[in-house]
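Peer 1: here are the coordinates; sequence isn't available:
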């Protein structure tokens, strides 16, 4: 039988007052389903997110999901596959895809109508509220709970993205830099782009004996991003051999402008350890973008 992807509406926010949040949920009539301990191991993917969740009490589950980043309630589409031997599966996925990060959390689970309320304490991050509604018109119930709980600091991304930070993006750019084809200049460049679903796409510079036919690392990475079905970049990292921070050329700044908002952050790095950051607006002031075209 063909398994259909499930979907829900999700919102995740900083919990301003965990004791009050629990009290509000119980006052609204939410059913207290106890405390869970979860470990989510995330792996590299072409698109979306992939993790093995190990839960106590409970078992293990392979979770694949697509959810765009954004500081609002978002639709998530996912697949859940029970796992009998999580250790072996994690080892296989790590060998094939690479492990990105492990998220450990304590989750107080409550159920209100069709909404799963998660009062989360995430190791290394802090305390949060996550709302998941699997019912029709789920956004209305999520909106009500957001107001009742006073959730203002909504997270645009996932716990895994927050734990990964810029270091993982820079590491991905550094790894692909080592595979660059730069026999003529000896100047290897790697670029890594984080898409709006959390996936990371990389590219290296590819030189050619006919010099104008070479390709910059940023262009290679954007090609990989588009080939994976993504269209938005939320963060980028560029690194090159040498001690100085690598700055994208003018053409690549314009290439990034096609897919990236002007307030998006670009990490400018050198293989020797240099690291600077700039927004795309700072790199490309008074820029020309798709919105400038007529009609």
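Peer 2: Looks like it came in fine. Here the structure is a predicted model, which means the values were calculated and not measured.
Peer 1: strands of this protein, residue ranges please.
Peer 2: Ranges of strands in the chain, per DSSP state E, are 6-14, 31-43, 49-56, 60-66, 74-83, 99-112, 115-122, 126-133, 189-195, 200-204, 233-240, 260-270, 275-279.
Peer 1: so which of those strands is the most surrounded?
Peer 2: Comparing the strands of the chain by mean neighbour count (mean count of other CB atoms under 10 Å), strand 189-195 ranks first with a mean of 28. Backbone N, C-alpha and C define where each C-beta goes, glycine included.
Peer 1: possible to save the strands of the chain as a markdown table with mean pLDDT and distance to residue 214?
Peer 2: Output for those, formatted as a markdown table (pLDDT from 0 to 100; distance: least, CB to CB, whole Å):
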| stretch | mean pLDDT | distance to residue 214 |
| --- | --- | --- |
| strand 6-14 | 88 | 42 |
| strand 31-43 | 96 | 32 |
| strand 49-56 | 96 | 34 |
| strand 60-66 | 94 | 34 |
| strand 74-83 | 89 | 39 |
| strand 99-112 | 95 | 31 |
| strand 115-122 | 96 | 44 |
| strand 126-133 | 95 | 46 |
| strand 189-195 | 95 | 11 |
| strand 200-204 | 93 | 11 |
| strand 233-240 | 96 | 14 |
| strand 260-270 | 96 | 21 |
| strand 275-279 | 96 | 24 |
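Peer 1: same list (those strands) but as TSV, adding distance to residue 152.
Peer 2: Formatted as TSV, those follow (distance: least, CB to CB, whole Å):
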stretch	distance to residue 152
strand 6-14	7
strand 31-43	25
strand 49-56	25
strand 60-66	25
strand 74-83	17
strand 99-112	20
strand 115-122	17
strand 126-133	11
strand 189-195	25
strand 200-204	29
strand 233-240	21
strand 260-270	20
strand 275-279	24
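Peer 1: what mean pLDDT does the helix ranked longest in the chain get?
Peer 2: Longest helix in the chain, counting residues (DSSP state H): helix 159-177. For helix 159-177, the mean per-residue pLDDT is 90.
Peer 1: picking that back up, between the strands of the chain, which one is closest to residue 164.
Peer 2: Closest to residue 164 of the strands of the chain is strand 99-112 (CB to CB; 5.1 Å).
Peer 1: the closest one vs strand 49-56, what angle?
Peer 2: Angle of strand 99-112 versus strand 49-56, following axes from the mean of the first three to the mean of the last three CA atoms, to 10 degrees, is 60 degrees.
Peer 1: what does strand 99-112 rub up against?
Peer 2: 22, 25-26, 28-44, 90, 93, 116-123, 141, 145, 159-160, 163-164, 168 (CB atoms under 8 Å, 6 or more residues apart in numbering).
Peer 1: so what are the sheet partners of it and their directions?
Peer 2: With DSSP bridges as the test, strand 99-112 is paired with strand 31-43 (antiparallel), strand 115-122 (antiparallel).
Peer 1: wait, which of the ones you listed is closest to residue 250?
Peer 2: strand 31-43 (35.3 Å).
Peer 1: nearest the geometric middle of this structure, what residue?
Peer 2: By CA atoms, centre = their mean, the chain has its centre lying nearest to residue 198, at 2.2 Å.
Peer 1: quick one, grab the pLDDT at it.
Peer 2: So, for residue 198, pLDDT stands at 79.
Peer 1: before we move on, what about residue 71?
Peer 2: 59.
Peer 1: same thing with residue 44?
Peer 2: According to the prediction, residue 44 has pLDDT 87.
Peer 1: so what's it up against?
Peer 2: Residue 44 neighbours (CB under 8 Å, 6+ apart): 97, 98, 99, 100, 200.
Peer 1: which of those residues sit farthest apart?
Peer 2: Counting by CB to CB, the most remote pair of the contacts of residue 44 is 99 and 200, 13.1 Å apart.
Peer 1: I'd say residue 202 and residue 173 touch.
Peer 2: Yes. The criterion here is CB atoms under 8 Å, and residue 202 meets it with residue 173 at 6.6 Å.
Peer 1: quick one: common contacting residues for the two?
Peer 2: Counting by CB under 8 Å, 6+ apart, the shared contacts of residue 202 and residue 173 are 190, 191, 192.
Peer 1: pick the one among the residues you listed closest to residue 64.
Peer 2: For those, the nearest to residue 64 is residue 192 (21.6 Å; CB to CB).
Peer 1: residue 172 is in contact with the closest one, correct?
Peer 2: Yes. In terms of CB under 8 Å, residue 192 counts as a neighbour of residue 172; the distance is 4.0 Å.
Peer 1: who touches both of these two?
Peer 2: Common neighbours of residue 192 and residue 172 (CB under 8 Å, 6+ apart) are 200, 202, 237.
Peer 1: many thanks, have a good one.
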